[in-house]
Structures are given as structure tokens and as C-alpha cells.
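[1] turn this into a structure:
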Amino acid sequence: MAEHIVEQLVAFNKKTVGRDKLYRVVQYVARVIILRLAASDPAGPRLERLKKLQKLESGLGNGRKLMRMAKTLDYILAAKKALQEPDPIVRSFTLFDSVVMALRMFYDNLQWATKVGVYGGDDKRLGKVANSLWLLGLVASIIRESYVLNKLAHTKRPEDDGKRRALRDRQRAVRLDLAREACDMLV
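    Numbering: from 1, shown residues only. Predicted structure coming up:
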């Protein structure tokens, strides 16, 4: 029964992705405006507007973190699912990535709780740990996707058109995941 509740929570959490992306855009636009205002006239008449934008950006960031609270469960379920993977290399990297990302979300949640005053921790240190775990998970994911892409590239080309199309689609999907993860490295 508890697993069913967790699966329902994960399904609901996935529907918040669109909202999270919208919040992220507004948060990042606010951050860009803040940087421009601070660079042009940090102590002038724009100071009040700058402070309001900083509060908006901080509030949106905290709101996004709150919405991602259950994301830890997503990664725990992904780790559980990874145990079923027949390829030992894919299984190992997927399991490692999932566990590391679950830990990352745990530290991210602690950082949020510290920022809003619910938990008495060092939010900067918690953020650094969360970011380090994110990077570690991203590297594991890139290694896994590179391995999968290489394995797919060396797969014998099927005679059947449907299977050949499925292989091509899988290669395209893995390349896209790899490109997204490589772009995340730039962030």
C-alpha cells in the first residue's frame, strides 16, 4: 500500500514539471534583471526595485525547491527499477546516478528548510554538497548514456524495417539525453 502511495505521489510530482519550468524562467529573468540593475546603478533610485526583484527571485527559488520535495522519491524508485536492468554496467551507473541524485535532493530539501527557518543548518554548505552530488550524478549519467550509445552503435543492423526504425529511434533518444546532460554540465 505504501508503495502505491509513493507511486501516486511520483505521478503527481511529474505533473508539476511544467509549473517548475515556468517558475524557473521567471526566476532566471528576475536574476538577469537584478544583475543588470546592480551593475548599472547599485545604490541609486533603482535600489528599491532591485530589493523587490531579489525577494521575488529568492521566493521563486524557495517555491521551486518546495515543489521538488517529493523528487527524492522519484530517484529512490528509479534506483529500485535499476536493479532490474540486465546489463551490469547500465545497472551500476543507473543505480549510482539514482542514489546520488536522491541524496542530492535530500540535501537540497535540507537547504530549503534552512533558508525558510525550519531547520538550523548552514544553507551554503548544504547547497555546496547538493551541487557536488548533482555534478557527480550528471557525470555518472553521461558515462552511462555514452556506454549505451556505443553499445547501440555496435548493434547488428536488423533486417526488419520496424526493428531497424526502433533501433534508430533509440539511438536518437540516447543522443538527445546525452546532449541535454552535456548542456547541463555548462550550467
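[2] how near is residue 68 to residue 170?
    As defined by Cβ to Cβ, to the nearest Å, residue 68 lies at a distance of 29 Å from residue 170. All C-beta atoms are positioned from the backbone trio N, CA, C, and that covers glycine.
[3] ok, residue 111 next?
    In this structure, residue 111 and residue 170 are separated by 37 Å, where distance is defined by Cβ to Cβ.
[4] the more surrounded of these two?
    Neighbour count, other Cβ atoms under 10 Å: between residue 111 and residue 170, residue 111 has more, with 24 against 14.
[5] got the contact list for that one?
    For residue 111, the contacting residues are 65, 121, 123, 126-127, 130, taking Cβ atoms under 8 Å, 6 or more residues apart in numbering as the criterion.
[6] can you give me the helices in the chain?
    Listed from the start of the chain, the chain has helices (DSSP state H) covering 2-15, 17-40, 47-67, 71-82, 88-115, 123-153, 161-185.
[7] got the buried residues for the longest one?
    If you call a residue buried by 16 or more other Cβ atoms under 10 Å, then helix 123-153 has these buried ones: 126-127, 129-130, 133-134, 136-145, 148-149, 152.
[8] tell me what that helix is packed against?
    The contact analysis (3 or more Cβ pairs under 8 Å, 6 or more residues apart in numbering; DSSP states H and E) places helix 123-153 against helix 88-115, helix 161-185.
[9] so of those, which one's packed in deepest?
    When you average the neighbours per residue for each of the helices and strands packed on helix 123-153 (mean count of other Cβ atoms under 10 Å), helix 88-115 leads with a mean of 20.
[10] can you tell me which helix or strand of this protein has the lowest average pLDDT?
    helix 2-15 (a mean of 70; mean pLDDT, DSSP states H and E).
[11] shouldn't residue 181 be in contact with residue 141?
    Yes: between residue 181 and residue 141 there is a contact under Cβ atoms under 8 Å: 5.4 Å.
[12] which residue packs closest to residue 91, ignoring adjacent ones?
    Nearest in space to residue 91, with sequence neighbours left out and distances taken as Cβ to Cβ, 6 or more residues apart in numbering, is residue 85 at 3.8 Å.
[13] for that neighbour, give me the backbone phi and psi.
    When read as degrees, to the nearest 10, the backbone of residue 85 gives phi -70, psi 130.
[14] number the chain from 31, please
    Fine by me, first position is 31 from now on; the one you just mentioned is residue 115.
[15] quick one, which of the helices and strands packed on helix 153-183 gets closest to residue 86.
    Set against residue 86 and scored by Cβ to Cβ, these come closest in helix 118-145, at 15.0 Å.
[16] that closest one vs helix 153-183, what angle?
    Angular relation of helix 118-145 and helix 153-183 on a 0 to 180 degree scale: 160 degrees, by axes from the mean of the first three to the mean of the last three Cα atoms, to 10 degrees.
[17] now do helix 118-145 against helix 77-97, angle only.
    Orientation check (the same axes, to 10 degrees): helix 118-145 against helix 77-97 gives 130 degrees.
[18] tell me the angle helix 118-145 makes with helix 101-112.
    Orientation note: helix 118-145 sits at an angle of 170 degrees relative to helix 101-112 (the same axes, to 10 degrees).
[19] thank you, goodbye.
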